[in-house]
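> would you be able to build a 3D model of this:
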Amino acid sequence: MTAATAWSVALIGMETTLIEVEAAIGNGLPKTVLVGLPDTSLYEARDRGHAAVASSGLPWPSQLVTINLTPATLPKTGSHYDLAIVTAVLAAAGTVPQELAARLVMMGELGLDGRVRRVRGVLPGLLAAREAGFERAVVPADQVGEASLVEGLTIWGVRSLTDLVDVLHGRPVVLPTAQATPPESPGHLPDLAEVVGQDEARFALEVAAAGRHHLYLSGPPGVGKTMLAERLPGLLPPLTSVESLEVSAIHSLAGHDLNTGLITRPPYADPHRSASLASIIGSGNRTARPGAISLAHRGVLFLDEAPEFGAKTLDALRTPLESGSVTISRAQVQARFPARFQLVMAANPCPCGNHGLTGAACRCAPMAVRRYAERISGPILDRIDLHQQLVPVRKAYLKARQSPGESTAVVAQRVAEARLRQARRLAGTPWLTNGEVPGSYLRSGLPSAQGLDLVDHALVTGRLSSRGADKVVRVAWTMADLAGHDRVEREDIAGALALRRAERSAAA
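Numbering: from 1, shown residues only. Down below sits the predicted model:
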């Protein structure tokens, strides 16, 4: 019996495990057996590999072929094991040298004609291979750009099984060099100067960006809730190198193209209100894939018409909002994805949108208005730092505002300065922004704030919960950072309380 080895990577959430693919050829009737807890798509790799080898003019062993995926107790799924499986079989048959095959990590799907197709998760897979000590990797030619983002690895791209055989014989394929092209122009980017009026809401957006606070916008249709939310990513600082790599790895698992480079700007996700719970949180039986909250990691998750989302979907956000991660548990696998997103929710005051407006007739019954407001549960609203109500801009005000307001660039500069103050104050802690600081540290690790009697009064009167009190102090620190204060002053506490007005009771 002859045996050979190749390597691939198992992708379970953000956790990766190196998989040793063993192939043994022994006496017996011609048959290929695949063991090691493969799922259906992986079990079919033996048939894809057999057809691809035949199409490439290579012999498949006419004996009993046993393929084992180690560790055998780990459930495995996906088509990216195809290259490693075929390599192990060809090495065991003596078609290609065994020495180089045993030192390569491979990811790629095979077509029946021998072509090598794209797969998801190349970036996190190769990061794990580098950490395990591998120095060479083989990926589809279309994903060489993404694979090259991992420093310290020699990347070989292959377009077909024939190219793979050349690589294994020490004849790496020279892919055509792509012409260096300038990055495509992003076109018109939303600018905060385009938002007319709504000074209070603009300031709330600036505070949210400076401290990474969650924001709830309520108001009638057409007042600018969506416009404000779309301009929040432009106010956020660029991602750090560590954040960029983490965010890019998540998007690689989702199958997004990263050949143009790492994601350097905070992502923005705005799922439709008809989105399912699985698409928001993440899904998968044996193949766990990131949901919208993970794709918005280190960026913004915008829920427009938030009351129209399913109640279970909204309530499922409770734990990620506090922990910054989501765990998808299934019978055979448990996958964890980071989900430290900045939530922005927008809602109308009632189904028709006219409740409480002067000069507009609301067609909704009082009970319908109440039920509409209660679609967003109290625990979710309590986890949101800033509550801002928008009102329509009147004609006289539109005429008075001939000059545009501050642009995104101007506000983003103030946000960046506030972030620098936070970074200096929180140096040596695991937190980067005020929105992440826990209440215990707010009460003991920072200088005492002035005006805490205002928070105590709000607690006694029931306007705030204990969690809400911590959030008010967090927002007050952000307002102090924007104002250039070294400690929280009474006016910062008062401003933070004003930005946490509960519109729920008014809507009811």
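> for this protein, which helix or strand comes out least confident on mean pLDDT?
Ranked by mean pLDDT, DSSP states H and E, the weakest helix or strand in the chain is helix 504-507, scoring a mean of 39.
> pLDDT of the helix or strand that contains residue 440, averaged?
Per DSSP states H and E, residue 440 falls inside helix 439-444. When pLDDT is averaged along helix 439-444, the result is 82.
> that one: how far from the chain's middle?
When C-alpha coordinates are averaged (CA atoms, centre = their mean, to the nearest Å), helix 439-444 and its chain have centres 28 Å apart.
> likewise stretch 81-89?
Its chain's C-alpha centre and that of stretch 81-89 lie 31 Å apart, by CA atoms, centre = their mean.
> what comes up buried for the strand or helix carrying residue 32?
Assessed by DSSP H and E, residue 32 sits inside strand 31-35. Judged by neighbour count using 16 or more other CB atoms under 10 Å, the buried positions of strand 31-35 are 32, 34. Any C-beta I mention is one placed from the backbone N, CA and C, and that applies to glycine too.
> pull out the buried positions in the helix or strand following that strand.
The C-terminal neighbour of strand 31-35 among helices and strands, as given by DSSP H and E, is helix 40-43. Of the residues in helix 40-43, those buried by neighbour count under the rule 16+ other CB under 10 Å are 41-42.
> give me the mean pLDDT for helix 40-43.
89.
> tell me which helix or strand comes right after it.
With secondary structure assigned by DSSP H and E, helix 40-43 is succeeded by helix 45-55.
> got the contact list for that next one?
For helix 45-55, contacts defined as CB atoms under 8 Å, 6 or more residues apart in numbering pick out 32, 34, 38, 59-60, 67, 79, 81-82, 85-86, 89-90, 109-114, 161.
> CA atoms only: put the strand holding residue 32 into PDB for me.
What follows is strand 31-35 as a C-alpha-only set of coordinates in PDB (Å, rounded to 0.1, in the frame of the first residue of the first chain):
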ATOM      1  CA  LYS A  31     -13.300   2.200  -5.500                       C
ATOM      2  CA  THR A  32     -12.800   5.600  -3.900                       C
ATOM      3  CA  VAL A  33     -13.700   5.900  -0.200                       C
ATOM      4  CA  LEU A  34     -13.800   9.300   1.600                       C
ATOM      5  CA  VAL A  35     -13.800   9.300   5.400                       C
END
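> and it with helix 45-55, angle?
Orientation of strand 31-35 against helix 45-55 (axes from the mean of the first three to the mean of the last three CA atoms, to 10 degrees) gives an angle of 140 degrees.
> and strand 31-35, what other elements does it pack with?
Counting contacts by 3 or more CB pairs under 8 Å, 6 or more residues apart in numbering; DSSP states H and E, the secondary-structure elements packed against strand 31-35 are helix 45-55, strand 64-70.
> can you lay out the ones you listed as a markdown table showing distance to residue 453?
Formatted as a markdown table, the entries for the helices and strands packed on strand 31-35 read as follows, by distance: least, CB to CB, whole Å:
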| stretch | distance to residue 453 |
| --- | --- |
| helix 45-55 | 67 |
| strand 64-70 | 64 |
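> with distance to residue 210 and mean neighbour count as added columns, please give the ones you listed in TSV.
Below are the helices and strands packed on strand 31-35 laid out as TSV (distance: least, CB to CB, whole Å; neighbours: other CB atoms under 10 Å):
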stretch	distance to residue 210	mean neighbour count
helix 45-55	50	20
strand 64-70	49	20
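> what residues sit buried inside the helix holding residue 440?
Buried residues in helix 439-444, defined by neighbour count with 16+ other CB under 10 Å: residue 442.
> residues making contact with it?
By CB under 8 Å, 6+ apart, the residues outside helix 439-444 that reach it are 429, 431, 466-467, 469-470, 473-474, 477.
> now those residues as JSON lines including neighbour count, pLDDT and secondary structure?
As requested, these are exported to JSON lines (neighbours: other CB atoms under 10 Å; pLDDT from 0 to 100; DSSP: H, G, I helix; E, B strand; the rest coil):
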{"residue": "429", "neighbour count": "12", "pLDDT": "92", "secondary structure": "coil"}
{"residue": "431", "neighbour count": "15", "pLDDT": "92", "secondary structure": "coil"}
{"residue": "466", "neighbour count": "10", "pLDDT": "88", "secondary structure": "helix"}
{"residue": "467", "neighbour count": "13", "pLDDT": "88", "secondary structure": "helix"}
{"residue": "469", "neighbour count": "21", "pLDDT": "90", "secondary structure": "helix"}
{"residue": "470", "neighbour count": "20", "pLDDT": "91", "secondary structure": "helix"}
{"residue": "473", "neighbour count": "23", "pLDDT": "92", "secondary structure": "helix"}
{"residue": "474", "neighbour count": "22", "pLDDT": "93", "secondary structure": "helix"}
{"residue": "477", "neighbour count": "31", "pLDDT": "94", "secondary structure": "helix"}
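> residue 71 and residue 18 touch, don't they?
No: with contact defined as CB atoms under 8 Å, residue 71 does not count as touching residue 18 (9.5 Å).
> between those two, which is the more surrounded one?
residue 18 (18 against 13; other CB atoms under 10 Å).
> can you tell me the SS state at that one?
Using DSSP: H, G, I helix; E, B strand; the rest coil, the structure places residue 18 in strand.
> for it, list each beta-bridge partner.
For residue 18, the beta-bridge partners under DSSP bridges are residue 9.
> am I right that it is in contact with residue 128?
Yes: contact criterion CB under 8 Å: residue 18 and residue 128 qualify, at 6.5 Å.
> find the residues that touch each one of those two.
Counting by CB under 8 Å, 6+ apart, the contacts common to residue 18 and residue 128 are residue 9.
> and residue 413, what element?
Going by DSSP H and E, residue 413 is in helix 408-425.
> what comes up buried for that helix?
Going by 16+ other CB under 10 Å, helix 408-425 has these buried residues: 408, 411-412, 414-415, 418-419, 421-422, 425.
> and the residues you listed, which is closest to residue 318?
Distance to residue 318 across these (CB to CB) is lowest for residue 422, with 25.3 Å.
> may I see the buried residues of the helix or strand where residue 229 lies?
If you go by DSSP H and E, residue 229 is part of helix 225-235. Of the residues in helix 225-235, those scored as buried under the neighbour-count criterion (16+ other CB under 10 Å) are 225-235.
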